[in-house]
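In: Here is my input, please return the structure:
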Amino acid sequence: MRPRYVARGQPVAPEKLRQAKALRREMTPDEALLWKELRRNRLEGFHFRRQQVIDGFIVDFFCNPAGVVVEVDGGIHTDPEQATYDKERDALLAGRGLTVLRISNEQVQSNLPGVLTLIAAACRGGRRPPTPKS
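Out: Numbers count the residues shown, from 1 in each chain. Below you'll find the model as predicted:
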């Protein structure tokens, strides 16, 4: 069962809130491209938030009703230290009952329909299809 209201009602440090707002204003081109398809419930009616604070972490996109976190990863995420941090963070979010999808910038650029299919399937709670090919 998906947790209800993971993001609502949680205490958020003012600095995290400022950081999340800044990230909303300064999205990467790939985040902006994906957001264009996710905003206003465009993906099968699922409601997404961008740059949402969850347990002190800022996630790129979050669908609370489905319990799905979408991270759009650039080159920095290939750094071994960053990859270790990402893995630990994903485990903590998964421990809250959330599904974490990591999508590369290249996947967003080269196969946006496949990325949207993957996200929609995760939101429907269906079996997760293979990661789209770049």
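In: Isn't Gly74 up against Pro29?
Out: No. Using Cβ atoms under 8 Å, Gly74 is not in contact with Pro29; the gap is 10.2 Å. The way it works is simple: take the backbone N, C-alpha and C, and place the C-beta from them, glycine included.
In: quick one, phi/psi of Val12?
Out: Main-chain dihedrals, Val12, degrees, to the nearest 10: phi -130, psi 130.
In: chain center to the longest helix seen in the chain: distance?
Out: Assignment by DSSP state H gives helix 80-95 as the longest helix of the chain. Offset of helix 80-95 from its chain centre (Cα atoms, centre = their mean, to the nearest Å): 13 Å.
In: and if you look at stretch 39-47?
Out: Centroid displacement of stretch 39-47 relative to its chain, using Cα atoms, centre = their mean, is 14 Å.
In: What lies in contact with the lowest-mean-pLDDT helix or strand in the chain?
Out: When the helices and strands of the chain are scored by mean pLDDT, DSSP states H and E, helix 80-95 comes last with a mean of 89. For helix 80-95, the external contacting residues (Cβ atoms under 8 Å, 6 or more residues apart in numbering) are Ile54, Asp55, Phe57, Val59, Val69, Glu71, Asp73, Ile76, His77, Val100, Arg102.
In: out of these, which is most surrounded?
Out: Among the contacts of helix 80-95, the one with the most neighbours (other Cβ atoms under 10 Å) is Val69, at 26 neighbours.
In: who's in contact with that residue?
Out: Counting by Cβ under 8 Å, 6+ apart, Val69 touches Ile54, Val59, Asp60, Phe61, Phe62, Leu93, Leu98, Thr99, Val100, Leu101.
In: ranges for the strands of the protein?
Out: Secondary structure of the chain (DSSP state E): strands at 49-54, 57-63, 68-73, 99-104.
In: how about those in JSON lines, adding mean pLDDT and distance to Pro14?
Out: Listed next are the strands of the chain as JSON lines, based on pLDDT from 0 to 100; distance: least, Cβ to Cβ, whole Å:
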{"stretch": "strand 49-54", "mean pLDDT": "94", "distance to Pro14": "11"}
{"stretch": "strand 57-63", "mean pLDDT": "95", "distance to Pro14": "14"}
{"stretch": "strand 68-73", "mean pLDDT": "95", "distance to Pro14": "23"}
{"stretch": "strand 99-104", "mean pLDDT": "95", "distance to Pro14": "26"}
